[in-house]
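Engineer: Give me a model of this one.
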Amino acid sequence: MSSSKNKNKNSYNLTEGSIQKSLIRMTTPMIIGMLMLFTFSLVDTLFISFLGTESLTAISFTFPLTFTIMSLAIGLGIGASAVVGKYLGRSEYEKAKQASTVINYISFLLAGIVVFLCWFFMNDIFSLMGASEQLLIPIRKYMLVWFPGSILVVCIMTGNSVLRAYGDTKTPSILMASAGLVNAIMDPILIFGLGPIPAMGIEGAAWATVSAWTLSYGYLLYLLVVKRELVSRTLPSKPVMLASGREMLRIGIPAAGANMMTPLAAGIMTAIAASFGDTAVAAFGVGARLEPIATLIVLAMSSSLPPLISQNFGAGRIDRVEEAYRLSVRFILAWQLFVYVVLALGASRIADTFSDDPDVTRTIKLFIWILPLGYGMQGLIILSNSSLNALHRPMSALYLSAMRFFVFYVPLAYVGSRFFGLGGLFAGALCGNLLMATISWRAFMRALTGEKQLTEKADGQTV
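Structural biologist: Okay, the predicted model is just below:
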């Protein structure tokens, strides 16, 4: 397929037209896809809760480790969309295809390495988080199935990012929605059994998820390699491999590291919650799985905004980059305030859905009444970091993520828990998000000012 054909068939021009319309066109399909993606763990949690508090506690312990793999996937996806998007912004379509090819191979290799390390140290990790020997039994049953399949989800997220870099957010959303539907159908069948299919318990939830990922990745691979030819069937030359791989890893590894701060902090928060007993861990696990749903539009926009920024950045349209960022932040702050009101009003009903244990439901309600109040600020932080990655400033995003979790979020949560119990744990984390949001805003605006100066200097030299 020629470069011109690639341009006409597969690429969308994100450097022209209304920024607002571009954001809506790219974000709307992502909302549906993200909703189904994050309902994987929420649906698993819902069905597993019917097995009892022990199983619910076990699946809650797995969240930091499963989200570590998801964070690697998201980070590499950010690197993929930034590199491919920049080439497309410069109309270098063959380089974009070569980068897409290299990125897919690298993602598979890195995912395999990380999954092996997590599997090898699995018992030690969960023991450090406070899991008892009794809980390690169901945890191992779930993770021994989930780990090998998780390599596929990394490849899925990277492949979807390539599609989004070309301006296509509809196809990735359909893929994620289809996988979520398959998981939701298979969950009750494999967990509780049906006809000749035996009840597998918590292990069945893992098999349902892995089966859904396998089907999704098979179709995505066909789409990228055969139907659209965005990924080559053969390896590029060694110089191309090194150049594209180096540029993708320069952004992808720090971005993955920044995203991995979230499960690392979640692991520490789980360990703190464990000091209040297993019921606190179970409740915290439910709250942690509600968070991606509550911040769904933030997460969707954090995937749709970077390709828009990357293409305009590559084209030298810094004015459009600033407009897209400001518009996104204003919308997220207003939207998340609305979401908080809805959650706060429905806290009792939500808690009762996941447990009939009074201690668990009481803690779930406490979580909902406090932490979601800061989700708007958390959204600002996430959008700032993803935008910095799109500007090819991955280390700035990494520093901000490290600062958020290890200077503000976790330390303030720990101090709050020591003085005010579980309520203090949640309130401390809320304060951490509020403080970090201000710092993230200022950091991005400084980066934008620097890019404006570089662009003006380059234009002056050209004249």
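
Engineer: drop to CA atoms for contacts and neighbour counts, all remaining ones
Structural biologist: OK.

Engineer: any idea which helix or strand carries the spatially most central residue of the chain?
Structural biologist: With distances taken as C-alpha atoms, centre = their mean, the residue of the chain nearest its centroid is I74 (4.9 Å). Following DSSP states H and E, the helix or strand that holds I74 is helix 53-89.

Engineer: Show me what counts as buried in that helix.
Structural biologist: For helix 53-89, the neighbour count (16 or more other C-alpha atoms under 10 Å) marks 53-89 as buried.

Engineer: And for stretch 324-339?
Structural biologist: Within stretch 324-339, the residues that qualify as buried by neighbour count (16+ other C-alpha under 10 Å) are A324, Y325, S328, V329, I332, L333, W335, Q336, L337, V339.

Engineer: Tell me which residues touch L163, please.
Structural biologist: For L163, the contacting residues are T169, T171, P172, taking C-alpha atoms under 8 Å, 6 or more residues apart in numbering as the criterion.

Engineer: gap between the first one and G416?
Structural biologist: Right, T169. 41 Å (C-alpha to C-alpha, to the nearest Å).

Engineer: When these two are compared, which one has more neighbours?
Structural biologist: Neighbours around T169 and G416, counted as other C-alpha atoms under 10 Å, are more numerous at T169. The numbers are 24 against 20.

Engineer: Kindly state the pLDDT recorded for that one?
Structural biologist: Per-residue pLDDT puts T169 at 75.

Engineer: now G75
Structural biologist: Value listed for G75 in the pLDDT field: 74.

Engineer: Using PDB, write out the CA atom coordinates for stretch 432-448.
Structural biologist: Provided in PDB are the C-alpha atoms of stretch 432-448 (Å, rounded to 0.1, in the frame of the first residue of the first chain):
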ATOM      1  CA  GLY A 432      -2.900  14.900  48.100                       C
ATOM      2  CA  ASN A 433      -4.900  15.100  44.900                       C
ATOM      3  CA  LEU A 434      -5.900  18.700  45.500                       C
ATOM      4  CA  LEU A 435      -2.400  19.900  46.100                       C
ATOM      5  CA  MET A 436      -0.900  18.000  43.200                       C
ATOM      6  CA  ALA A 437      -3.400  19.300  40.700                       C
ATOM      7  CA  THR A 438      -2.100  22.800  41.200                       C
ATOM      8  CA  ILE A 439       1.400  21.700  40.600                       C
ATOM      9  CA  SER A 440       0.500  19.700  37.500                       C
ATOM     10  CA  TRP A 441      -1.300  22.600  35.900                       C
ATOM     11  CA  ARG A 442       1.600  24.900  36.400                       C
ATOM     12  CA  ALA A 443       4.100  22.300  35.100                       C
ATOM     13  CA  PHE A 444       2.100  21.800  31.800                       C
ATOM     14  CA  MET A 445       1.700  25.600  31.200                       C
ATOM     15  CA  ARG A 446       5.500  26.100  31.700                       C
ATOM     16  CA  ALA A 447       6.100  23.300  29.200                       C
ATOM     17  CA  LEU A 448       3.700  24.900  26.700                       C
END
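
Engineer: what's stretch 392-400 in contact with?
Structural biologist: Stretch 392-400 has contacts (C-alpha under 8 Å, 6+ apart) with 82, 250-252, 254-255, 257-258, 384-386, 388-389, 440.

Engineer: Point out the ones among those that are inside helices.
Structural biologist: Assignment to helices by DSSP state H places the following of these there: 82, 250-252, 254-255, 257-258, 384-386, 388-389, 440.

Engineer: By neighbour count, which of those residues wins?
Structural biologist: Among these, A82 has more neighbours than the rest - 33 neighbours, counting by other C-alpha under 10 Å.

Engineer: Identify the residues contacting that residue.
Structural biologist: A82 touches A165, I251, P306, P307, S310, N389, A390, L391, H392, counting by C-alpha under 8 Å, 6+ apart.

Engineer: buried residues in stretch 436-449?
Structural biologist: Buried residues in stretch 436-449 (16+ other C-alpha under 10 Å): M436, A437, S440, W441, A443, F444, M445, L448.

Engineer: okay if I get those residues as CSV plus distance to F354, pLDDT and secondary structure?
Structural biologist: Putting the buried residues of stretch 436-449 into CSV (distance: C-alpha to C-alpha, whole Å; pLDDT from 0 to 100; DSSP: H, G, I helix; E, B strand; the rest coil) gives the following:
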residue, distance to F354, pLDDT, secondary structure
M436, 31, 94, helix
A437, 31, 94, helix
S440, 35, 94, helix
W441, 36, 95, helix
A443, 39, 93, helix
F444, 39, 93, helix
M445, 42, 92, helix
L448, 44, 89, helix
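
Engineer: which one of those sits closest to P236?
Structural biologist: Distance ranking of the buried residues of stretch 436-449 against P236, using C-alpha to C-alpha, places L448 first at 34.3 Å.

Engineer: That closest one and E322 touch, don't they?
Structural biologist: Yes: counting by C-alpha atoms under 8 Å, L448 does reach E322; the two are 7.3 Å apart.

Engineer: so who does F405 touch?
Structural biologist: F405 makes contact with M261, T262, A265, P411, according to C-alpha under 8 Å, 6+ apart.

Engineer: at 7 Å what do you get?
Structural biologist: For F405, the contacting residues are M261, A265, taking C-alpha atoms under 7 Å, 6 or more residues apart in numbering as the criterion.

Engineer: any idea how far I69 is from it?
Structural biologist: Shown here: F405 relative to I69, a distance of 18 Å by C-alpha to C-alpha.

Engineer: I'd like the mean pLDDT over stretch 244-262, please.
Structural biologist: The predicted model gives stretch 244-262 an average pLDDT of 74.

Engineer: got it, and stretch 208-225?
Structural biologist: Average pLDDT, stretch 208-225: 91.

Engineer: Residues touching it, excluding its own?
Structural biologist: 146, 149, 152-153, 156, 175, 179, 182-183, 186-187, 190, 230-233.

Engineer: Among those, name the ones in helices.
Structural biologist: Counted as lying in helices by DSSP H, out of the contacts of stretch 208-225, are W146, G149, L152, V153, I156, L175, A179, V182, N183, M186, D187, L190.
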